[in-house]
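Participant: Give me coordinates for this.
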Amino acid sequence: LVLAGVGAAVARPLVPGATAHLQAKVDAAAAAGAGRPVTVWLIDATTAGQLGIVLGAVLLFGVLYEAWPTAVWGRTLGKKLCGIRVLALETRRPPGFGAALRRWLVYALLGVPGALWSLVDRPWRQAWHDKAAGTFVAR
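Facilitator: Model (predicted):
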């Protein structure tokens, strides 16, 4: 939720410009098409650049909010409030930065379905992102 909020906050100022740009493309295509169906690509250099800005901000914030605190303390603020920690399977200590980053990236790609795997996994109840990083969640 925090990452979605950051993404929305970064994207919000870009929406009016992107909307105007796309509307101009649609209007120009409609005028040139003279009633015939016309293909309009919504992703172009302008919109791809804006999408890149939002994605870059989300990735940077994700590293600063999720991967780095997990690597250093084994928890983020939300995990601390829930009373849980992320630990490496082998050392029972917070994972290194590489493992924490891998854990976050796999979660970002696989999301909830990967996390739900922890409901059936035994004995560690690891989600797919924990398996990829060699970590587990402890109370």
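Participant: For the most centrally placed residue in the chain, what is the enclosing helix or strand?
Facilitator: Central residue of the chain (C-alpha atoms, centre = their mean): Ala108, 4.4 Å from the mean position. Using DSSP states H and E, Ala108 falls within helix 97-116.
Participant: check contacts around the residue lying farthest from the centre of the chain.
Facilitator: Using C-alpha atoms, centre = their mean, the residue of the chain lying farthest from its centre is Ala34. It sits 41.8 Å away. Applying C-beta atoms under 8 Å, 6 or more residues apart in numbering to Ala34 gives no contacts. C-beta: built from backbone N, CA, C; applies to glycine.
Participant: Give me the phi and psi for it.
Facilitator: Here is the backbone geometry of Ala34 (degrees, to the nearest 10): phi 50, psi 50.
Participant: Use 6 as the first number from now on
Facilitator: With the count now opening at 6, the last piece we talked about shows up as Ala39.
Participant: Could you pull out the buried residues of the helix holding Ala113?
Facilitator: Neighbour counts over helix 102-121 (16 or more other C-beta atoms under 10 Å) mark Ala104, Ala105, Leu106, Arg107, Arg108, Trp109, Leu110, Val111, Tyr112, Leu115, Gly119 as buried.
Participant: I'd like the next helix or strand past it.
Facilitator: Past helix 102-121, the next helix or strand by DSSP H and E is helix 133-138.
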